[in-house]
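Asker: Provided below for reference: sequence and predicted model.
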There are 2 protein chains.
Amino acid sequence: MDERFAPLFTPPYYAVIFTNQLAENSGGYPEMSQQMAALAAQQPGFLGVETTRDSNGLGITISYWETESAIAKWKAQIDHIGAQKLGKTRWYAAYTLRIAKVERNYCGPEGR
Amino acid sequence: MDERFAPLFTPPYYAVIFTNQLAENSGGYPEMSQQMAALAAQQPGFLGVETTRDSNGLGITISYWETESAIAKWKAQIDHIGAQKLGKTRWYAAYTLRIAKVERNYCGPEGR
């Protein structure tokens, strides 16, 4: 499977669904986004991430975690806090964050 | 908030996270995708949907539902079954489906 997909994991595990609209002036965002992705991947309990963004700047990033406490620790990670502040003040026109417990997962196409 | 965002709902509710890579020949897909979005919106228990896709064809669509049984009924809806078959045989090179229970949600930017 394409490496841009997160693989299936054994439920239950957790998803952070981050839907976001980039602001018109989002200078510095690609660099910080890459840094944060690399940093997230080093955190205990990190499982994987999927991200895509269309030409209008609407992005969805979903990170997957073993536990809720791993998500809480990532939220409190010091460099990540700096990025969160810049996200609020500069990069994002709007965003939603949803924390969800993944109960089942499948992949396809199968059975062709 | 931009209408491409689903609003926040009162947890718990359910998310169907559909990550997918379009096949190279995906003729007919945009029309069917629009039809299925309109049909989903008519189903009992449907709350909302968010979707984005990048220029490489990697898409993430998240639909939100009141209950797991609403998701099961949508999965079994007859026109949707036809679209699922075409998705497997024609449109998607790969996909993952994850069913998750949303436990918390937030929006931003706030507190600027």
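Answerer: Cool, the structure landed.
Asker: skipping adjacent residues, who's closest to residue A:20 in space?
Answerer: Nearest non-adjacent residue to residue A:20, counting by Cβ to Cβ, 6 or more residues apart in numbering or on different chains: residue A:95, 3.9 Å away. (C-beta placed from N, C-alpha, C; glycine too.)
Asker: secondary structure class for that neighbour?
Answerer: Classification of residue A:95 using DSSP: H, G, I helix; E, B strand; the rest coil returns strand.
Asker: contact partners for it?
Answerer: Listed by Cβ atoms under 8 Å, 6 or more residues apart in numbering or on different chains, the contact set of residue A:95 reads A:18, A:19, A:20, A:21, A:87, B:107, B:108, B:109.
Asker: just confirm the third one is within a helix.
Answerer: What that stands for is residue A:20. No: assigned with three-state DSSP, residue A:20 falls outside any helix and is strand.
Asker: and it, what is it in contact with?
Answerer: Applying Cβ under 8 Å, 6+ apart to residue A:20 gives the contacts A:58, A:59, A:60, A:61, A:92, A:94, A:95, A:96.
Asker: about what we covered before: what's opposite the residue nearest to residue A:20 in the beta bridge?
Answerer: Residue A:95 forms beta bridges with residue A:20, residue B:108, as assigned by DSSP bridges.
Asker: from residue A:45, how far out is it?
Answerer: 22 Å (Cβ to Cβ, to the nearest Å).
Asker: before we move on, what about residue A:107?
Answerer: Here the criterion is Cβ to Cβ. By it, residue A:107 lies 22 Å from residue A:45.
Asker: need the residues that contact the helix or strand bottoming out on mean pLDDT in chain A.
Answerer: Sorted by mean pLDDT, DSSP states H and E, the helices and strands of chain A end with helix A:78-86, the least confident at a mean of 87. Here helix A:78-86 makes contact (Cβ under 8 Å, 6+ apart) with A:28, A:32, A:35, A:36, A:39, A:40, A:74, A:75.
Asker: thought residue A:103 was touching residue A:12?
Answerer: Yes: contact status for residue A:103 versus residue A:12: in contact at 6.0 Å, counting by Cβ atoms under 8 Å.
Asker: what do the two both touch?
Answerer: With contacts defined as Cβ under 8 Å, 6+ apart, no residue is adjacent to both residue A:103 and residue A:12.
Asker: circling back to that earlier point, quick one, which of the contacts of residue A:95 are buried?
Answerer: With burial judged by 16 or more other Cβ atoms under 10 Å in any protein chain shown, the buried subset of the contacts of residue A:95 is A:18, A:19, A:20, A:21, A:87, B:109.
Asker: helices along chain A, start to end?
Answerer: Counting by DSSP state H, one finds helices in chain A at the ranges A:29-41, A:68-76, A:78-86.
Asker: least confident of those helices, on average?
Answerer: Mean pLDDT values for the helices of chain A show the minimum at helix A:78-86, a mean of 87.
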